[in-house]
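J.: dropping the sequence and predicted coords here.
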Amino acid sequence: MLVTGYAAAKIVNAVLTEAGLPSIPPQMVYNYTTARLRAGKAPLIACDAEGRIDTEALEAWVTKYVAKKVANATK
């Protein structure tokens with residue numbers, strides 16, 4: 001299933017809140033996907049040419065992101 005960057009940010013923020021971490025702005029998801037595509041770079045979160053994000057790719061990314069944030073918070 002594909003979701004927009006805004007919907008992806010809502011999903012990510014729900015996971016971050018559950019983990020006790022601060023939310024991210026929807027613009028951050030855009031920067032990791034569509035903005036990178038337009039700059040000729042690979043997106044950090046897998047998406048199609050229109051910037052819609054695959055929910056499986058989003059789940060994998062948010063898992064890594066939360067793990068990294070939790071690890072940095074415990075240092």
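T.: Sure thing, it's come through. Numbers count the residues shown, from 1 in each chain.

J.: so after the helix or strand bottoming out on mean pLDDT in the chain, what's the next helix or strand?
T.: The helix or strand of the chain with the poorest confidence is helix 34-38; it has a mean of 86 (mean pLDDT, DSSP states H and E). Sequence-wise, the next helix or strand downstream of helix 34-38 (DSSP states H and E) is strand 53-54.

J.: quick one: average pLDDT of that following strand?
T.: Per-residue pLDDT values across strand 53-54 average out to 94.

J.: which other helices and strands contact it?
T.: strand 2-3 (3 or more C-beta pairs under 8 Å, 6 or more residues apart in numbering; DSSP states H and E). Every C-beta, even on glycine, is put in place using the N, C-alpha and C of the backbone.

J.: please identify the buried residues of the least confident helix or strand of the chain?
T.: Within helix 34-38, the residues scored as buried using 16 or more other C-beta atoms under 10 Å are 34, 36.

J.: point to the residue nearest the middle of this protein.
T.: Centre of the chain computed as the mean C-alpha position; nearest residue by C-alpha atoms, centre = their mean is residue 29, 5.0 Å away.

J.: let me see the mean pLDDT of the one helix or strand that residue maps to.
T.: Under the criterion DSSP H and E, the helix or strand holding residue 29 is helix 26-32. For helix 26-32, the mean per-residue pLDDT is 91.
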